[in-house]
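Participant: I would like the atomic coordinates for the input below:
(chains A and B)
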Amino acid sequence: MSDLEVRLVELGGALDHPDGDALLDRVRAEIRDTAPARVRRWPVRLAAAAAVVVLLVAALPSSRDAIANFFRVDGVQLRSARERPHVHPSATPSTTASPTAPGAVTVADAQRSVDFTIVVPDDVARPTVTVDPVVPGGLVTLDYPGYRITEFSAPPGEAPFAKFVDRRTKVAPTTVRGASGYWITGTHHDLAILDRDNRVRPSTIRTTGHVLLWNERDVTIRIEGPHTLASAQAVAASIS
Amino acid sequence: MVADPELVERARHGDDVAFSALLERHRSVALRVGYTIAGPDAEDAVQEAMVKAYRHLGRFRPGSPFRPWFLAIVANEARNRRRSSGRQDAVGLRLRARAGSADASWVGSAEEHAMAHAQQARLLAAVAALGDRDREIVALRYFAGLTEIETAEALQCARGTVKSRLSRAIDRLRDALREEVVT
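Facilitator: Sure, this is the predicted structure:
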């Protein structure tokens, strides 16, 4: 370390920042006021041999926090369906692109407007590609005949993608290309993209079918469309 | 003393005492980073970051270091506040008031002490005048003491990018300090 760098380290200890003595009390108060009490013990045993774990979302006292403890996919948050804003969702498989996005572009064009490397499956069909530029880092949707792939890379601490789940939703951990992921079934759950204040962007709410979801190299990838885990995994496996 | 990984794991299973202990351990460093990036909004930024960390503990990858993950959230909050405050001028940063002669770690005359303090104040002014991105990486690497790899993780960029950004920030600081001496 150079002399200047040493001086910078010393400077860090001499800053007149607030001491934040009351900080933890305020944090606790805020957490208490705005969220239900955390579940103290995770009541559902994850049987090591079981391929599918069914989560009875509505049966848990504070389902959202308990699920959040279990469900680990960067960029995606699970919310209870009760929290979904009452905007009529579009049930047609429309794109997640915002009204201001230009519409179909090429993969190369999309690559230029997002902050991560887009992955594509081995498919002869050319996808319809749309980009949602409002999501931090960009969100890309690739529509192929029979399935759709969504990709985005959220900055740490941000989860722009929300899934509204209820007691009928099954969230099953699975391994996708060596990474831990989830096969979420239930052809009724809604998803939405959140803005920077963590509020739902109403134009993005839509109903989705079964989804295979995982993180790979800081990119969150969703495959929607295939009706079985095996067929969804086959699409995932063909990604180069 | 319970290490971070264990505290995090307990916190993830609902142990709020463990989570408080975790926050307490990283509070000071978080305030340094928040202060350097957002000045007077530091405490608000850190408070919000702590609440977000609580809510997103489920997404923390067990086994990875907690501090870079947490400071990434802090930096994000501080950055947002700085941006929305619309301030373009140098962020207002100050040194803590000097300890008196009761400061047992200081060996030297009162004059030497005053000079060292003045030199530190000049360095701080130079840091405060850095652009937001430079100041942020200085805060993470030097004030919070993250390694280059941890800084890369906190900023979600490659290690090489961290190296070059740091090197540019240091160069800019050197230039600012040189100019200051000459004028």
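Participant: by contact count, what packs against the helix or strand hosting residue B:122?
Facilitator: For residue B:122, the element it lies in under DSSP states H and E is helix B:110-128. Secondary-structure packing of helix B:110-128 (3 or more Cβ pairs under 8 Å, 6 or more residues apart in numbering or on different chains; DSSP states H and E): helix A:3-12, helix B:132-138, helix B:159-182. (Glycine included, C-beta is placed from N, CA and C.)
Participant: report the buried residues of the shortest one.
Facilitator: What it means is helix B:132-138. By 16 or more other Cβ atoms under 10 Å in any protein chain shown, the buried positions in helix B:132-138 come out as B:134, B:135, B:136, B:137, B:138.
Participant: distance-wise, check the first one relative to chain A.
Facilitator: Between residue B:134 and chain A the distance, using Cβ to the nearest Cβ, to the nearest Å, works out to 12 Å.
Participant: so in chain A, where's the weakest helix or strand by average pLDDT?
Facilitator: helix A:63-70 (a mean of 45; mean pLDDT, DSSP states H and E).
Participant: next SSE after that helix?
Facilitator: strand A:76-80.
Participant: what mean pLDDT does that next one have?
Facilitator: Mean per-residue pLDDT for strand A:76-80: 74.
Participant: pairing partners for that strand, with directions?
Facilitator: Applying DSSP bridges, strand A:76-80 is found paired with strand A:161-165 (parallel).
Participant: what's the mean pLDDT across the partner strand?
Facilitator: 80.
Participant: could you look up the SS state of the closest residue to residue B:31 other than its chain neighbours?
Facilitator: Nearest non-adjacent residue to residue B:31, counting by Cβ to Cβ, 6 or more residues apart in numbering or on different chains: residue A:17, 4.4 Å away. State at residue A:17, reduced to three classes by DSSP: H, G, I helix; E, B strand; the rest coil: coil.
Participant: give me every residue that touches residue A:17.
Facilitator: By Cβ atoms under 8 Å, 6 or more residues apart in numbering or on different chains, the contact set of residue A:17 is B:31, B:32, B:34, B:35, B:42.
Participant: repeat for residue B:41
Facilitator: Per Cβ under 8 Å, 6+ apart, neighbours of residue B:41: B:34, B:78, B:81, B:82, B:85.
Participant: list only those of these flagged as buried.
Facilitator: B:34, B:78, B:81, B:82.
Participant: from those residues, which are also near chain A?
Facilitator: Among those, the ones lying near chain A by Cβ under 8 Å from any Cβ of the partner chain are residue B:34.
Participant: from the buried ones among the contacts of residue B:41, which is closest to chain A?
Facilitator: Of all the buried ones among the contacts of residue B:41, chain A sits closest to residue B:34, with 7.3 Å by Cβ to the nearest Cβ.
Participant: so the closest one sits against residue B:73, correct?
Facilitator: No - using Cβ atoms under 8 Å, residue B:34 is not in contact with residue B:73; the gap is 10.5 Å.
Participant: okay, and the common contacts of these two?
Facilitator: residue B:49.
Participant: can you count the residues close to the closest residue in space to residue B:138 that isn't next to it in sequence?
Facilitator: Excluding the flanking residues, the one nearest residue B:138 by Cβ to Cβ, 6+ apart is residue B:169, at 5.5 Å. Residues near residue B:169, counting by other Cβ atoms under 10 Å in any protein chain shown, number 22.
Participant: how about low-confidence regions in chain A?
Facilitator: A:34-74, A:82, A:87-103, A:157, A:167, A:187 (pLDDT under 70).
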